[in-house]
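Visitor: mind folding the following:
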Amino acid sequence: MLQLSLPIHQLDEETFANFYGNNNLLLLDSLRKNFTLPRQQFFYIWGEEGCGKSHLLKAMTHQFFAENRTALYVPLSKSAYFSPEVLDNLEQQELVCLDDLQCVTGDKEWEIAVFDLFNRIKEHGNTLLAVSANQSPNGLPVQLPDLASRLRWGEIYQLHPLDDQQKITALQRNAHQRGIDLPDETANFLIKRLDRNMHNLFGVLDQLDKASLQAQRKLTIPFVKETLGL
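Guide: Alright, predicted model coming up:
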């Protein structure tokens with residue numbers, strides 16, 4: 001099977017600076033306390049699609065990179081493009097983030113590889129492991145009983161999604177970081193007319209940013225309608 005390394009390191013622009021975490025302060029506080037010395041090595045983070053799980057794990061990886069520390073983000077949604085051997089020796093990293101665990105549950109090879117990684121990290125003692133999934137550990141259809149027990153070893157958090165006003169704030173903050181203005185009326189229009197999944201909304205904002213730069217126009221509702229064909 002083809003083994004890829006580069007896609008695992010592509011983290012886009014998701015950092016803590018543009019992660020709106022007001023609904024998950026307890027989780028963020030506990031994570032940060034364990035960044036320096038992982039007294040709690042294992043975090044299981046779950047929630048619905050688009051609630052920010054991938055963003056959070058990428059932000060953690062960015063943070064470690066910024067501090068010149070070793071880290072690896074593994075998007076298990078792309079597991080068709082690399083083999084379970086990608087998890088070998090990851091106990092040597094200071095941070096490991098396994099995103100979308102539900103994408104490999106039910107696959108014997110992957111479940112054994114994740115189980116073995118938990119054990120090696122526990123034995124090694126210096127690695128912080130963050131795992132995300134779309135369901136709680138009890139709801140995830142894991143076939144390997146020993147892996148199911150490992151998923152409950154550490155702290156478990158449900159990542160709470162943003163309400164509409166918080167999504168508007170997050171969009172405007174992201175727009176500001178891009179150097180563009182997103183007026184309240186335009187942001188409200190986007191929230192009402194589009195899929196409210198934050199990943200999709202940020203993708204639309206990226207599209208609008210490029211279109212406004214090319215057309216030298218502001219993000220007014222008429223321009224948004226024209227650009228998105230609404």
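Visitor: which element is the residue nearest to the spatial centre of the chain on?
Guide: Central residue of the chain (Cα atoms, centre = their mean): residue 54, 1.2 Å from the mean position. When elements are assigned from DSSP states H and E, residue 54 belongs to helix 53-66.
Visitor: could you list the low-pLDDT ranges of this structure?
Guide: Across the chain, the stretches falling below the confidence threshold (pLDDT under 70) are 1-12.
Visitor: tell me what the helix holding residue 54 is packed against?
Guide: With contacts defined as 3 or more Cβ pairs under 8 Å, 6 or more residues apart in numbering; DSSP states H and E, helix 53-66 has these neighbours: helix 25-36, strand 42-46, strand 71-75, strand 95-99, strand 128-133, helix 198-215. C-beta: built from backbone N, CA, C; applies to glycine.
Visitor: and the contacts of it?
Guide: Residues outside helix 53-66 that contact it (Cβ atoms under 8 Å, 6 or more residues apart in numbering): 11-12, 14-16, 19, 21, 31, 35, 45-47, 70-73, 75, 94-95, 97, 99-100, 130, 132, 159, 198-199.
Visitor: where does residue 17 land in three-state SS?
Guide: With DSSP: H, G, I helix; E, B strand; the rest coil as the basis, the three-state label of residue 17 is helix.
Visitor: what number of residues lie near it?
Guide: Residue neighbour count, defined by other Cβ atoms under 10 Å, stands at 11 for residue 17.
Visitor: for residue 187, see how far away it is.
Guide: Distance from residue 17 to residue 187, counting by Cβ to Cβ, to the nearest Å: 19 Å.
Visitor: can you tell me the helix or strand for residue 191?
Guide: Assigned by DSSP H and E, residue 191 falls within helix 184-193.
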